[in-house]
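J.: I'd like to go over a predicted model; first the sequence, then the structure.
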Amino acid sequence: MKPTLLIARRELAAYFRSWVGYVIIAGVWAVDGLLFNGYALGGEAKRSSEVLSLFIYFSSGTTMISSILISMRLLAEERQQGTINLLYSSPIRDGEIVLGKFLAAFAFMAILTLGTAYMPALIFVNGKLSVGQIAGGYLGLLLLGSASLAIGTFGSSLVKSQVLAAIGATCILVALLVSWLLVHRVDRPFSDLFNALALHGVHFQPFQSGVVHLRDVVYYLLVTYVFLFGATRVLEARRWR
């Protein structure tokens, strides 16, 4: 576990040493702020729960996009710069490399996401919400971000180019997002399958209302595990080439 934490600490520090990390933070916070004021709060009068639901919904989009941008460099950059050979020659297992880099990306994403908590807190000025509703919404964002980061890590393990890694991960992410569109185009049991695979539809909607279902938590954790496992297997295959 110690090598994993050392890699995670190094990678997390790298986000704050470069301007890219700050650009991602500034961009996400700016977009979230505009969407919160323009759509969640703006327009016709809404109940507090509707404002929160809209904010979590819009934030889910920026969370997925930022997760791809955060994770595209994790392994692709190592291969591009040739430093992956140093990791291969060290007494560190491939799973520890992948997990350490993922934990760093998740910590950065969590800082980025939780930094927007002041926005739904503004609802308390003229409305009423329970802390549990906000906590449930942010739990959903963190779980969605975790799954998106794992997909991005897998994409980053496949190629040397960070741009290609982002494109590949985005294609996988979009495929999982639009699975719900096929639900009404096919018959059972395939409709049930596509409904269960959809990354955002049925699994994220309860979080928008602050409702946490165990099945949804398990789904996002399972997606995270599957793609991190895939990234580990890709590293193992490349090690022995």
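T.: Done, it's in. For clarity, every value in this text was computed on a predicted model and none was experimentally measured.

J.: Check which helix or strand residue 135 maps to.
T.: If you go by DSSP states H and E, residue 135 is part of helix 131-158.

J.: any idea of the mean pLDDT for that helix?
T.: Mean pLDDT, computed over helix 131-158, is 92.

J.: Name the next helix or strand downstream of that helix, please.
T.: Downstream of helix 131-158 (by DSSP H and E), the next one is helix 162-177.

J.: helices or strands up against that following helix?
T.: Judged by 3 or more C-beta pairs under 8 Å, 6 or more residues apart in numbering; DSSP states H and E, helix 162-177 is in contact with helix 48-71, helix 76-81, helix 131-158. To be clear about C-beta, it is placed using only N, CA and C from the backbone, and glycine gets the same treatment.

J.: in the helix holding residue 135, what's buried?
T.: Neighbour counts over helix 131-158 (16 or more other C-beta atoms under 10 Å) mark 133-134, 136-158 as buried.

J.: residues making contact with stretch 14-33?
T.: 55, 58-59, 62-63, 66, 69-70, 104, 108, 111-112, 115-116, 119 (C-beta atoms under 8 Å, 6 or more residues apart in numbering).

J.: re the thing from before, quick one, the helix holding residue 135 and helix 48-71 angle?
T.: Computed by axes from the mean of the first three to the mean of the last three C-alpha atoms, to 10 degrees, the angle separating helix 131-158 from helix 48-71 equals 20 degrees.

J.: Now do helix 131-158: distance to the chain's middle.
T.: 4 Å (C-alpha atoms, centre = their mean, to the nearest Å).

J.: Distance-wise, check residue 17 relative to residue 97.
T.: Plainly put, residue 17 is 20 Å away from residue 97 if you go by C-beta to C-beta, to the nearest Å.

J.: mind checking how far the most centrally placed residue in the chain is from residue 62?
T.: In the chain, the residue lying closest to the centroid (C-alpha atoms, centre = their mean) is residue 145, at 2.0 Å. According to C-beta to C-beta, residue 145 stands 10 Å off from residue 62.

J.: Mind picking out the helix or strand in the chain with the poorest mean pLDDT?
T.: helix 84-89 (a mean of 70; mean pLDDT, DSSP states H and E).

J.: same for the next helix or strand after it, what does it pack against?
T.: Using DSSP H and E, the helix or strand that follows helix 84-89 towards the C-terminus is helix 94-114. Packing contacts for helix 94-114, counted by 3+ C-beta pairs under 8 Å, 6+ apart, involve helix 2-17, helix 19-35, helix 48-71, helix 131-158, helix 214-239.

J.: rerun that using 6 Å as the cut-off
T.: Under the contact definition 3 or more C-beta pairs under 6 Å, 6 or more residues apart in numbering; DSSP states H and E, helix 94-114 sits against helix 2-17, helix 48-71, helix 131-158, helix 214-239.

J.: Tell me how many other residues surround residue 32.
T.: Residues lying near residue 32 (other C-beta atoms under 10 Å) number 23.
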